[in-house]
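> got a predicted structure here, sequence first:
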Amino acid sequence: MADDSLSNKLESLLRDYGLKIDGVSIDPRGSAKTAPAARPRPPAEPPAESEQASPAPLKPREPAPAPLRILPGPAAPKPSLRTVEPENPELPADGGRLPSRQGGAGMRGPVLASAIAAAFLIAVAAGGMLLWPRHQPPPAPAPTHRSFALPREKLFGLVLKEGILYAASAEDQLLEKIDPATGRVLGSEKFWNPSPAGLAWGDGFFWSSDRETGYIYRHKNDASKAPERVYMKLKGKPSTLYYDGGELWAANTLDDEADRYAVGPGPRYDLTIKARYPLRGAIPAGLYFSGGHLWVLDALTRRLIRYDTREGRKPRKIDSAELDGYLPLRSEAAGLALDTEKGVLWLLAQNPSVLQRFALDALFKK
């Protein structure tokens, strides 16, 4: 009983001083922290008189223990990636291998070198993308073909005069002036011919053929464009004309042949036949001659055919270009004009009336 009373008194004394052995905690980051004091318990009921013992002598009050602190020790050495080999390693007596370094140190060097090399290559590649000019695709080529719808129907015969295209109207007896770059009609001029079929320009005059009579007219170079000369004796009824600067070429849609005439000085009957060139099935809807080469627009196949006429009266076919896919399905080839210096071809079609512009190098590209 005496021990229990002493124990109760000791716990009461500890509560009075706020001390509890279990409440002391140590914080590794700094000073020791003391747990908060526990709530005071309600005082225990006093023992019975029979169980009360004589009071024990009070112990002198002891000072509260100082809070514990953990002082930081010396800093641990940082691990180094560099390893030091002994200057003169001694081989084992039994001839075996030297003991390897700890923790895979033998592979750490090559792995680290590979990582550094990879990082360097990535940096070089990234810098190259910034400094090296990006690849630019080549510009799109200029259009090699253009098509222009013309407002007037039944135009025929296409000629290039002083940078302007001209086509004749079979119904209205007019000459249409056309911009060769845009296909825009610039204006109209009077042009007398009761039933025109072919058109040419040369020697300072317009030339045309009469579909009904087969005559060829040379027109005045004025606003009236009235015929000043009439050429009557020709083979057949020419529907296609071309003047090469000294001689007149003529062909008709009934013959696969082109005829070449010398123009005399007289007012009548002064066209003299010089040569006839069989075209072997090609029906000319347009003619052009330059440098010994004859260009023929075939009305049947809608092809542009080149012939070499320098070997005699039988022209040799050089090559051809397909034009059928560029023309409306039921249209008819009605005229041809070329500018060999600029490498441009113009093609006239009827029903509907359409002007086509081509680049020659694209048409005859091998």
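Okay, I see it. Numbers count the residues shown, from 1 in each chain.

> so what strands line up beside the helix or strand containing Y261?
Taking DSSP states H and E as the criterion, the element that holds Y261 is strand 257-263. Its sheet considered, strand 257-263 pairs with strand 247-251 (antiparallel), strand 271-278 (antiparallel) by DSSP bridges.

> and those, which is most packed in?
Among those, the stretch with the highest mean neighbour count (mean count of other Cβ atoms under 10 Å) is strand 247-251, at a mean of 25. Bear in mind the C-beta positions are built from the backbone N, C-alpha and C, glycine included.

> picking up where we left off before, give me the contact list for the strand holding Y261.
Strand 257-263 has contacts (Cβ atoms under 8 Å, 6 or more residues apart in numbering) with 203, 234-235, 238, 246-251, 270-279, 284, 287, 294, 296.

> as CSV, could you dump the C-alpha coordinates of it?
Presented in CSV, the C-alpha positions along strand 257-263 are these (Å, rounded to 0.1, in the frame of the first residue of the first chain):
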residue,chain,number,x,y,z
GLU,A,257,-1.5,19.3,-150.0
ALA,A,258,0.0,22.8,-149.6
ASP,A,259,0.8,25.0,-152.6
ARG,A,260,3.4,27.7,-152.8
TYR,A,261,3.0,30.7,-155.1
ALA,A,262,5.2,33.5,-156.3
VAL,A,263,3.4,36.8,-156.4
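
> next, the buried residues of that strand.
By 16 or more other Cβ atoms under 10 Å, the buried positions in strand 257-263 come out as E257, A258, D259, R260, Y261, V263.

> next, the distance between the ends of stretch 217-235.
15 Å (Cα to Cα, to the nearest Å).

> how about that stretch: buried residues?
For stretch 217-235, by 16+ other Cβ under 10 Å, it's Y217, R218, H219, K225, P227, R229, Y231, L234.

> repeat that for stretch 356-366.
In stretch 356-366, counting by 16+ other Cβ under 10 Å, buried: Q356, R357, F358, A359, L360, L363, F364.

> can I get these in JSON lines with distance to T309, secondary structure and pLDDT?
What follows is the buried residues of stretch 356-366, written out as JSON lines (distance: Cβ to Cβ, whole Å; DSSP: H, G, I helix; E, B strand; the rest coil; pLDDT from 0 to 100):
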{"residue": "Q356", "distance to T309": "26", "secondary structure": "strand", "pLDDT": "93"}
{"residue": "R357", "distance to T309": "26", "secondary structure": "strand", "pLDDT": "94"}
{"residue": "F358", "distance to T309": "23", "secondary structure": "strand", "pLDDT": "92"}
{"residue": "A359", "distance to T309": "24", "secondary structure": "strand", "pLDDT": "92"}
{"residue": "L360", "distance to T309": "19", "secondary structure": "helix", "pLDDT": "88"}
{"residue": "L363", "distance to T309": "20", "secondary structure": "helix", "pLDDT": "84"}
{"residue": "F364", "distance to T309": "18", "secondary structure": "coil", "pLDDT": "79"}
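
> what segments of the protein are helices?
Taking DSSP state H to define them, one finds helices in the chain at 2-16, 105-131, 360-363.

> could you tell me the least trusted of the ones you listed?
Ranked by mean pLDDT, the helices of the chain bottom out at helix 105-131, with a mean of 54.

> need the least confident one among the strands paired with strand 257-263, by mean pLDDT.
For those, where the average pLDDT is lowest is strand 271-278, sitting at a mean of 90.

> and the contacts of it?
Outside strand 271-278, the residues touching it (Cβ under 8 Å, 6+ apart) are 216, 231, 233-235, 247-248, 256-264, 294, 307, 309, 313-315.

> any low-confidence regions in this protein?
Residue ranges of the chain with pLDDT under 70: 1-143, 266-269, 366.

> got TSV for the buried residues of strand 257-263, with distance to T301 too?
As requested, the buried residues of strand 257-263 are exported to TSV (distance: Cβ to Cβ, whole Å):
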residue	distance to T301
E257	16
A258	16
D259	21
R260	23
Y261	26
V263	31
